[in-house]
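# Return a 3D structure for these sequence lines:
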Amino acid sequence: MLALAEVPVNTSSPSPAESRAQRPEMEWIPGGSFSMGSDRHYREEAPPRVETVEGFWIDRWPVTNVLFQRFVEETGYVTQAEIAPDPAQYPGADPALLVPASVVFVKPAARVDLRNHFNWWAYVPGADWRHPSGPASSIVGLDDHPVVHVGFDDASAYARWAGKALPTEAEWEFAARGGLDGADYAWGDKFEPEGKPMANT
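Prediction:
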């Protein structure tokens, strides 16, 4: 999910009214220290460590298809998914796979082995931000949906065009925690509090 950040030259904390007036599409996140990472979930999140971030602005919503389309129309930018991979970087690869493509979530028809992510992700030639499920799909009617199939280089290029920056990993986690330092999830410690699903997982 692509959301942009902006660190102000003057780091004094604005009032909520000033925040809305200056950047109505962004939210001011006061700086602070927090415990980043976890030793109870994925290996790459460990070990937990104390991180400190300065105050920053962050987009209130993900970048939408209509905003990304405006960027592409103004700059002529071509995303990574729209470019065939360089065969020199993939020696021995099947040439039929070295085409513009991206990975698409495919809902399994039945329970699957969760240890094998290939059971629900498929490499789809022709999938890109304009064709989110493959070449026969489109973003018509999806103007306000988050743009997908955007790689790091694509996101960085968009951020430069927008006059902002990608949030650092620490900024993103600090904002996503919403002040719940040390909680397992953005809403607290229980995966489904009182049996209520809180995420599409």
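# any idea how far the nearest residue to residue 182 once chain neighbours are set aside lies from residue 188?
Spatially, and ignoring its direct neighbours in sequence, residue 182 is nearest to residue 35 (5.3 Å; Cβ to Cβ, 6 or more residues apart in numbering). All C-beta atoms are positioned from the backbone trio N, CA, C, and that covers glycine. Using Cβ to Cβ, to the nearest Å, residue 35 is found at 15 Å from residue 188.
# Of those two, which one has the most company?
A count of neighbours by other Cβ atoms under 10 Å puts residue 35 above the other of residue 35 and residue 188, at 14 against 11.
# And that one, its phi and psi?
Main-chain torsions, residue 35, degrees, to the nearest 10: phi -90, psi 110.
# Ok, residue 200 next?
Note on residue 200: its backbone torsions stand at phi -90, psi 80 [degrees, to the nearest 10].
# Then residue 52?
Dihedral angles (degrees, to the nearest 10) for residue 52: phi -130, psi 130.
# repeat for residue 171
phi -60, psi -40.
# got the contact list for residue 133?
Applying Cβ atoms under 8 Å, 6 or more residues apart in numbering, we find residue 133 in contact with 104, 124, 127.
# Next: residue 51.
Neighbour list for residue 51: 33-36, 170, 173-174 [criterion: Cβ under 8 Å, 6+ apart].
# Could you point out which of those residues is nearest to residue 96?
Of all the contacts of residue 51, residue 96 sits closest to residue 173, with 39.4 Å by Cβ to Cβ.
# helix/strand/coil for residue 34?
strand (DSSP: H, G, I helix; E, B strand; the rest coil).
# so what are the domain limits for the protein?
Listed by automatic domain parsing, the domain ranges of the chain are 1-63+148-201, 64-145.
# from the chain's centre, how far out does the first one sit?
In terms of Cα atoms, centre = their mean, to the nearest Å, the centre of domain 1-63+148-201 is set 10 Å apart from its chain centre.
# now the domains of the chain as a markdown table including mean pLDDT?
Shown next, in a markdown table, are the domains of the chain (pLDDT from 0 to 100):
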| stretch | mean pLDDT |
| --- | --- |
| domain 1-63+148-201 | 86 |
| domain 64-145 | 96 |
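# Can you check the distance spanned by stretch 194-201, start to finish?
17 Å (Cα to Cα, to the nearest Å).
# An error on my part: the question was meant for stretch 108-121.
End-to-end for stretch 108-121, by Cα to Cα: 9 Å.
# Go through it and flag the buried ones.
By neighbour count with 16 or more other Cβ atoms under 10 Å, stretch 108-121 contains no buried residues.
# number of nearby residues for the residue nearest to residue 146 when sequence neighbours are not counted?
Nearest residue to residue 146 in three dimensions, chain neighbours excluded: residue 62, at 3.8 Å (Cβ to Cβ, 6+ apart). Here the number of neighbours of residue 62 (other Cβ under 10 Å) works out to 15.
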